[in-house]
Every structure is written in structure tokens, then in C-alpha cells.
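Asks: Sequence first, then the predicted structure:
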Amino acid sequence: LVEEWLGECVEPGRIILSGDGSAGADVPFDFPNGWVTTFPNGRGIFDFVVEKLPRLGWGKSIDELLLARRNLEFQIYSEVEKEHVLPNIRDGFDSVEDFMKIALSVANRRKSRTGTSLELNLASIFDDEGVHYDEQVVTEHRKKPDFIFPSAESYFHEPEGSSKLTMLAAKTCCKDRWRQVISEAQKIQKKHLFTLQEGVSPNQLVEMEAGGIQLVVPAPNLRAFPKDWRNRILDLSSFVELVKGKQILP
């Protein structure tokens with residue numbers, strides 16, 4: 001229930017605090033004034049984040065860039081949300097139905113944001129790194145892998161098992177949903193799954209490996225995985241280098 005409300009994973013040992021301070025109190029940048037009257041879509045917030053945290057001049061890894069952007073994006077979203085939701089809360093409600101209408105609207109908007117945020121973050125980094133890809137390609141049985149490398153055209157023209165092809169699924173939380181990835185992009189035997197989830201159990205990692213899935217996680221998150229598994233999990237930088245290497249094959 002907590003994850004449904006937050007719109008993201010909740011991991012053991014993670015502390016989440018939510019206050020009702022003034023807008024912008026936790027954000028190092030002022031967001032556009034128009035967002036106070038019209039709630040921005042996910043693309044609008046993400047583009048603003050990229051403007052504040054561009055790839056050019058970033059002195060750390062792309063793994064850390066993704067996490068920094070995600071953190072700033074969440075901060076900005078939370079402040080914009082306060083501007084739109086707190087007045088309704090402070091005014092009170094005349095009925096349970098009115099309360100539920102606002103609560104469901106907030107929850108659904110959070111789910112929508114987190115559902116697109118990770119893909120936007122990854123696509124931006126792939127663009128910056130010069131990686132060729134297509135998104136949401138319809139493959140066998142109407143499945144839509146999040147990313148196909150190098151392109152949809154290559155996927156349909158290359159033979160099954162071609163070393164030139166790679167796929168990447170993106171799930172903020174993999175949990176039991178990683179099983180869905182097994183049936184995606186059937187021409188590609190090894191599936192890659194990017195996740196922000198920490199604390200995946202050894203048993204689940206064994207199941208994933210048996211299902212042909214290799215995890216990709218931000219490098220700082222690797223410390224949350226069992227030591228004997230860390231060298232079998234890719235960080236984002238390593239995954240990008242893997243794909244780049246394939247794209248220069250003759």
C-alpha cells in the first residue's frame with residue numbers, strides 16, 4: 001500500500017519523510033511559475049532536470065548522473081505537488097467521496113510519473129552516449145520491450161541469437177515483474193533488466209539467471225547486493241560499453 005501511494009519502491013532501511021514545508025524549500029532551483037497553475041507532465045519535469053544537471057561538464061559516472069537526476073526530479077515533483085494538493089487538504093472535504101477523488105488523483109499521477117521517469121532517464125543517457133536504440137518496439141505476441149539495440153529494423157532482420165542485438169527492460173522495482181521480461185524480444189536469449197530496486201534476494205537472483213536475465217543497476221546500488229553476485233551484475237556504464245561494442249561489429 002505504501003509503494004502504491006509513493007509510486008516507487010520502498011526498501012528495508014530506507015527512510016522517507018514527507019513534510020508540508022513551503023514550496024521550493026528542498027529544491028535548489030526555482031521551477032517555472034506556470035507549474036503552480038498547471039501541473040507539468042513527466043517530460044516537462046524531466047527536461048527541466050536535464051537543463052539543471054546536463055551531461056556536459058558532469059564529472060562523475062553516468063550511473064551517478066542518473067541517480068542525481070532521479071533525486072532532483074523527485075524533489076521538484078514533490079514541491080509542485082504540494083502547490084497543487086495542499087490547498088485542497090487545508091480547505092477540508094465535504095464528503096468521503098471528495099476526499100477519495102483527490103487521493104486517487106494524486107496516487108494515479110504519481111504512478112504515471114514513475115512509470116515514465118526511468119525510461120526518460122535512460123533514453124537521455126543513451127542519446128548522450130551515442131547509443132543507437134528504439135523504444136517500445138512491438139515484437140512477438142505484441143510484447144513491447146522498453147529498449148531494443150541497435151534498432152527495430154535490425155531486430156526484425158537479424159537472425160535469432162545474433163550477437164548484434166541487445167534488449168533492455170526498465171523497471172523501477174523488478175520484484176515478481178521480472179518474469180514478464182523472459183517472454184520479451186524472443187530473438188534475444190540474454191535479457192537485460194535495469195532496476196533501481198535494492199536488496200534482491202539470492203534465491204531471486206538465481207531464478208533470474210536461470211531465466212536468462214542479467215540485472216543492470218546503478219553502480220552505487222551494487223553494495224546492496226550479495227557480494228558473490230556483484231560481479232555478475234552490470235552497472236549502467238558497463239552496459240553502455242557492452243552495447244557500444246556490439247554496434248561497431250561488422
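Replies: Looks like it came in fine. Residues are numbered from 1 along each chain as shown.
Asks: distance between whichever strand or helix holds Val49 and the chain's centre?
Replies: Counting by DSSP states H and E, the element that carries Val49 is helix 42-52. With CA atoms, centre = their mean, to the nearest Å as the basis, helix 42-52 stands 14 Å off its chain's centre.
Asks: For the residue nearest the centre of the chain, give me its contacts.
Replies: Within the chain, the residue whose C-alpha comes closest to the C-alpha centroid is Leu118; the distance, by CA atoms, centre = their mean, is 2.1 Å. Under the criterion of CB atoms under 8 Å, 6 or more residues apart in numbering, the neighbours of Leu118 are Arg70, Ala170, Lys171, Thr172, Phe194, Leu196. Quick note: C-beta positions are derived from backbone N, CA and C, even for glycine.
Asks: just to revisit the earlier point, residues of the helix holding Val49 that come out buried?
Replies: Along helix 42-52, the positions that meet the burial threshold by neighbour count (16 or more other CB atoms under 10 Å) are Gly42, Gly44, Ile45, Phe46, Phe48, Val49, Val50.
Asks: pretty sure the last one contacts Leu66?
Replies: Same thing as Val50. No. Counting by CB atoms under 8 Å, Leu66 is not a contact partner of Val50; they are 11.3 Å apart.
Asks: residue ranges with poor pLDDT in the chain?
Replies: In the prediction, the chain carries residues with pLDDT under 70 at positions 1-29, 115, 249-250.
Asks: which residues of it fall in strands?
Replies: Assigned strands in the chain, in chain order: 134-135, 147-149, 166-171, 191-195, 213-217, 234-235 (criterion: DSSP state E).
Asks: Same list (these) but as TSV, adding mean neighbour count and distance to Asp30.
Replies: Output for the strands of the chain, formatted as TSV (neighbours: other CB atoms under 10 Å; distance: least, CB to CB, whole Å):
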stretch	mean neighbour count	distance to Asp30
strand 134-135	15	32
strand 147-149	25	33
strand 166-171	22	30
strand 191-195	23	32
strand 213-217	21	33
strand 234-235	20	33
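Asks: Leu86 is nearest to which of those?
Replies: With CB to CB as the criterion, Leu86 lies closest to strand 166-171 of these, at 31.0 Å.
Asks: got the angle between that closest one and strand 213-217?
Replies: Strand 166-171 and strand 213-217 meet at an angle of 60 degrees, taking axes from the mean of the first three to the mean of the last three CA atoms, to 10 degrees as the criterion.
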